[in-house]
Structures are given as C-alpha cells and as structure tokens.
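J.: Need coordinates for the following:
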Amino acid sequence: MDGVDVVVNFARHPDDMHLPHDPARSVDIRLARHAAAAGAHYIMLSSRKVYAADAQWQASEDAGLSGLDTYGRNKLATEVALRRMLPADRLTILRLGNVIGHEHMPGRRSFMGLILNTLADTGEIVFDMSPFVSRDFVTAEHFAAQLGRAVELGLTGTYNLSSGTGVMCGELALAVIRGYGRGQLRVIDPRQADAFRLDVSRLVNKTGLRQTADDILRYCHDLGKALG
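T.: Numbering: from 1, shown residues only. Sure thing, here's the model as predicted:
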C-alpha cells in the first residue's frame with residue numbers, strides 16, 4: 001500500500017450474510033490491518049443493520065446497537081475491531097441504507113435487482129410484504145457523491161449514509177413499472193416487514209448533499225425506462 005492515502009472497501013465475504021463473525025474471514029479486518037501498517041485512512045462501508053430492531057426508524061448514529069440479523073451483527077463486530085486497530089483520525093465508518101441502481105443482471109438478489117429482473121422476465125413485480133412498508137433508499141449516484149465528498153473533506157468518525165427519506169416500497173415499484181410502460185405489482189403476503197429510515201443529518205451537515213423522495217422516484221422511473 002505504498003503511496004496509498006485512503007482505502008475504501010466495497011468487498012465482503014458471502015458467508016458474512018449467514019455465518020457468525022470470523023475475523024479471519026473479514027475482508028475489512030484484513031484490509032484495515034494493511035492500511036494501519038501503511039498509515040492510510042480507512043473507510044468502512046457498514047450497514048443500518050447494526051442498529052437494534054427497535055431503533056430502525058429514524059436511527060441516529062447514537063442509537064442502540066445490537067445488530068438486526070447475522071449480517072448486522074457481523075458488521076457491528078467489524079466496526080468494533082477496526083476501532084481497536086486504527087486511530088480515530090484515520091477511520092471513517094459509513095452506515096448505509098438501501099442503495100439502489102442499475103441492477104438488471106442475472107442472479108442479482110438485491111431489492112432492486114429482484115424488481116428489475118422479475119419485471120423484465122415475467123412482466124410483474126411480486127412482493128411478499130405490504131406495499132405500504134416504508135424504507136430508506138438512496139441511489140448509487142448519490143451514495144457515490146456522498147462518499148467522494150467525505151473523502152475530499154477528510155471526514156472521520158461514524159455517519160449514516162442514505163437519503164434519510166421514507167419511500168413506500170409499492171410506490172417505488174410502481175415508479176419502475178411506469179417507466180417500463182407495462183407490468184403489474186402483485187402482493188402475495190401483505191405482512192409489515194423491515195421498515196427503516198436513517199437520520200442522515202450528521203453527514204448532510206458536513207457535505208451539504210441531499211436527496212429527496214421525489215429524486216428517488218424519478219430515478220426509479222428512469223430505471224424502468226432503461227429496461228426497454
């Protein structure tokens with residue numbers, strides 16, 4: 001890592017989604033060890049899932065931490081490990097909401113990947129949850145802009161990175177369908193599932209960058225249009 005000033009890690013081991021934390025498996029811990037030795041600044045992309053189940057709505061960076069699921073607990077354990085490895089002035093932790101983008105690709109199992117792939121393949125989007133569930137989405141482009149600004153400013157510490165707005169999942173899906181010009185939304189189980197929204201004011205106050213619900217819905221319309 002000679003000559004490297006900042007390291008941003010986008011990688012993770014697939015087993016982190018379902019197996020307990022293992023430092024030897026953690027890509028972040030392995031990379032951060034090299035960054036520490038090189039005197040580089042390390043930026044970890046964490047998750048809103050580090051917050052406790054009862055803190056998922058409007059969670060600030062000081063909200064309760066216990067991990068929502070195995071992935072969240074693994075991210076939380078990694079945050080703790082990195083704080084022990086790196087001085088505070090060389091570590092930034094960004095806790096992400098649901099990043100969406102151009103994800104129409106075979107096998108993509110993310111929320112937006114499933115929406116785009118099933119709509120293109122079958123002409124419908126199928127939900128096993130209520131379409132009225134509200135979640136905090138952020139476009140890939142806005143995420144990249146916030147990340148770039150954080151690097152430019154040399155921000156340290158912990159920040160939530162998302163739009164900070166709640167968009168109903170059904171509204172988002174219908175925006176994609178309208179852009180595509182055809183298709184339907186079918187709900188097979190109207191359960192309330194995993195509503196969340198982050199308080200992003202700490203990061204926005206530093207970068208000045210904001211994204212609105214209307215921005216996200218226009219973006220989703222364009223994603224549908226791009227399907228052809």
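J.: only C-alpha atoms for contact and neighbour calcs from this point on.
T.: Fine.
J.: can you pull the buried residues of the helix or strand encompassing Asn117?
T.: Assigned by DSSP states H and E, Asn117 belongs to helix 111-122. Neighbour counts over helix 111-122 (16 or more other Cα atoms under 10 Å) mark Met112, Gly113, Leu114, Ile115, Leu116, Asn117, Leu119, Ala120 as buried.
J.: how about TSV for these, with distance to Thr78 added?
T.: Output for the buried residues of helix 111-122, formatted as TSV (distance: Cα to Cα, whole Å):
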residue	distance to Thr78
Met112	26
Gly113	27
Leu114	28
Ile115	30
Leu116	32
Asn117	32
Leu119	36
Ala120	37
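J.: which one of the residues you listed sits closest to Gly154?
T.: Set against Gly154, the nearest of these by Cα to Cα is Met112 (31.0 Å).
J.: what is the residue nearest to the closest one when sequence neighbours are not counted paired to in the beta sheet?
T.: Here the nearest residue to Met112 in space, its sequence neighbours aside, is Ile100; by Cα to Cα, 6 or more residues apart in numbering that works out to 6.0 Å. Under DSSP bridges, the beta-bridge partners of Ile100 are Thr139.
J.: Around Ile100, how many other residues sit close by?
T.: Counted by other Cα atoms under 10 Å, the residues lying close to Ile100 total 21.
J.: That one against Arg135, yeah?
T.: No - contact criterion Cα atoms under 8 Å: Ile100 and Arg135 do not qualify, at 11.9 Å.
J.: give the contact list for the closest residue to Arg25 other than its chain neighbours.
T.: Nearest residue to Arg25, sequence neighbours excluded (Cα to Cα, 6+ apart): His13, at 6.9 Å. Counting by Cα atoms under 8 Å, 6 or more residues apart in numbering, His13 makes contact with Arg25, Ser26, Val27.
J.: repeat that with 10 Å
T.: Counting by Cα atoms under 10 Å, 6 or more residues apart in numbering, His13 touches Arg25, Ser26, Val27, Asp28.
J.: Now the buried members of those.
T.: Ser26, Val27, Asp28.
J.: Which residue ranges make up each domain of this protein?
T.: Annotated domains of the chain cover 6-96, 99-135+164-196+207-226 [automatic domain parsing].
J.: Quick one: distance of the last one to the chain centre.
T.: In this case it means domain 99-135+164-196+207-226. 14 Å (Cα atoms, centre = their mean, to the nearest Å).
J.: hmm, back to that, surely the residue nearest to Met112 touches Ser110?
T.: Yes - using Cα atoms under 10 Å, Ile100 makes contact with Ser110 at a distance of 8.5 Å.
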